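K.L.:
Any chance you could fold what I've pasted below:
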Amino acid sequence: ADADEDAEHEDCGISAASGLLGFDGPSASAWARQEMEAWRAMVEKEEEQRRYQPPGKGKKQGKKRKGASISLKNLLFKPTSGVQSFGPSLLEHCILAADLKPSLEITPDNVGEVMSDAAWSALVGALKTEGTAVMDRLANDDGGGYVLYRPKAAEDGESSADGIPDTKPVGSIPHSDKVFEEFQPHLLRQHAERPSIRYPNFAAAVDEFFSLIEGQRRALRADQAEAAARDRLERIRQDQQSRLDALERQMERMRENALLVEANAEDVDKALLVINSAMNSGMDWEALNALVEVEQRNENPIAMLVKELDLANENVVLALPDIVNHHGSDGEPIPCVNITLSLKESAFGNARVMFDMYRSSKEKSKKTTEASAKALQAAEATAQRQLEEVQKRRVMTVVAPQRKQHWFEKFVWFITSDNYLVVA
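P.N.:
All right, here's what the predicted structure looks like:
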């Protein structure tokens, strides 16, 4: 099959032995079109097999392909490209050097549109110059070594807003302000915007990466544990405060309603008297509601106060003008407040009940404040114990002995991106 494929490439004027490095722009474009037609045929064959294979029979079905498309980077991974040995990182570097996108989607139908002969010529040029130059530097071990990292989130310093002292030790592991992510034997285009540390050779970069990465992971876990403890404490504090604020608002609303009933006592008594008189005369509830609606249409000032009749509970909701907080001196209308009143009490009787509830709520608020303070104190003690455990782990991270040297470290060695150990 390989011989047939090579023959097909030669028939098109493409030498499979040299691959893209021996192509010009048109030849590379022809290679791409041929590869995409082969890709289309493979996808169609898989679809046909899947269509005629009974469900649940035969081999386990693989992942269904998303149509006959492939990214430019994956296209260069084809064995006939001749640059498969460059690896994914170097191929991406070369594509970026040619001002192209590695994720560019190519299909058998659009291959000529998205990748012109000029684009293929630029890509082949980048593979020849950038790719071979990087491979030469790697072979001669003169490209140095790099560790790519991301800056660690800035800390607040000595203490935090929750009053619990910071657990950061004075001495720390080297590069404690960085989070190591990967190591590379050379800086590529895709690494241009990422911060890095340069080392004299690749072995030194790999050695320091693995020397510090475990300590950094421990420190990161300690940071996460500390942040979780502080977050739990803050949530408890906010919950307690919201409860106190809600109780305070309820108390203040009760007091203002009582003052408002006293300020409108004359109109309140009139409204209560009219409703009670109608009830005592044996008037039907529906008839009473109808009477109130009629009087409101006639703009009777007392009937206009009635917002709702809750006769089943012997209550009435009155919309009283808020003359306590608004005087209407600027010509603005005075807003109304809906207040539920008992039909069994007078205006001052209702106000007295509200003041009693206000005093009761005040006592409840005092007890709630004391209980909240105790709960918060217990939560702070728990958080402090957790942070002390974090501090112990931090100290262990700082004073941890140097790792034991492995047998292969007396040789020239490195670990590939696929996690293979290479010893020379």
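K.L.:
residues in contact with Ser417?
P.N.:
The contact partners of Ser417, by Cβ atoms under 8 Å, 6 or more residues apart in numbering, come to Gly87, Pro88, Ser89. No exception for glycine: its C-beta is placed from N, CA and C like everyone else's.
K.L.:
Repeat that for Val147.
P.N.:
Val147 neighbours (Cβ under 8 Å, 6+ apart): Phe180, Glu182, Phe183, Gln184, Ser196, Ile197, Tyr199, Ala205, Glu208, Phe209.
K.L.:
Check the offset of the helix of greatest length in the chain from the chain's centre.
P.N.:
The longest helix of the chain (DSSP state H) is helix 202-263. Counting by Cα atoms, centre = their mean, to the nearest Å, helix 202-263 is centred 17 Å from the centre of its parent chain.
K.L.:
circling back: output the contacts of Val147 in TSV, with pLDDT appended to each entry.
P.N.:
Putting those into TSV (pLDDT from 0 to 100) gives the following:
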residue	pLDDT
Phe180	85
Glu182	86
Phe183	85
Gln184	84
Ser196	89
Ile197	89
Tyr199	87
Ala205	84
Glu208	83
Phe209	84
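K.L.:
List buried residues within those residues.
P.N.:
Phe180, Phe183, Gln184, Ser196, Ile197, Tyr199, Ala205, Glu208, Phe209 (16 or more other Cβ atoms under 10 Å).
K.L.:
so which of those residues comes closest to Asp269?
P.N.:
Closest approach between the buried ones among the contacts of Val147 and Asp269, by Cβ to Cβ: Phe180, at 79.2 Å.
K.L.:
quick one on the thing from earlier: okay if I get the buried ones among the contacts of Val147 as a markdown table plus distance to Lys362?
P.N.:
Formatted as a markdown table, those follow (distance: Cβ to Cβ, whole Å):
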| residue | distance to Lys362 |
| --- | --- |
| Phe180 | 58 |
| Phe183 | 66 |
| Gln184 | 68 |
| Ser196 | 63 |
| Ile197 | 63 |
| Tyr199 | 69 |
| Ala205 | 68 |
| Glu208 | 65 |
| Phe209 | 63 |
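K.L.:
coming back round to it: ok, then the element right after the longest helix of the chain?
P.N.:
Next in sequence after helix 202-263, counting helices and strands by DSSP states H and E, comes helix 265-280.
K.L.:
buried set for that following helix?
P.N.:
Here helix 265-280 shows Asp267, Val268, Asp269, Ala271, Leu272, Val274, Ile275, Ala278 as buried, counting by 16+ other Cβ under 10 Å.
K.L.:
So for the fourth one, what pLDDT did the model give?
P.N.:
If I follow you right, that is Ala271. Per-residue confidence (pLDDT) for Ala271: 89.
K.L.:
Hmm, Ala319 and it touching each other?
P.N.:
No: counting by Cβ atoms under 8 Å, Ala271 does not reach Ala319; the two are 10.4 Å apart.
K.L.:
Could you pull out the residues contacting both of these two?
P.N.:
Leu305, Val306.
K.L.:
For stretch 131-150, measure first residue to last.
P.N.:
27 Å (Cα to Cα, to the nearest Å).
K.L.:
what does stretch 317-334 give?
P.N.:
Start-to-end span of stretch 317-334 (Cα to Cα) is 18 Å.
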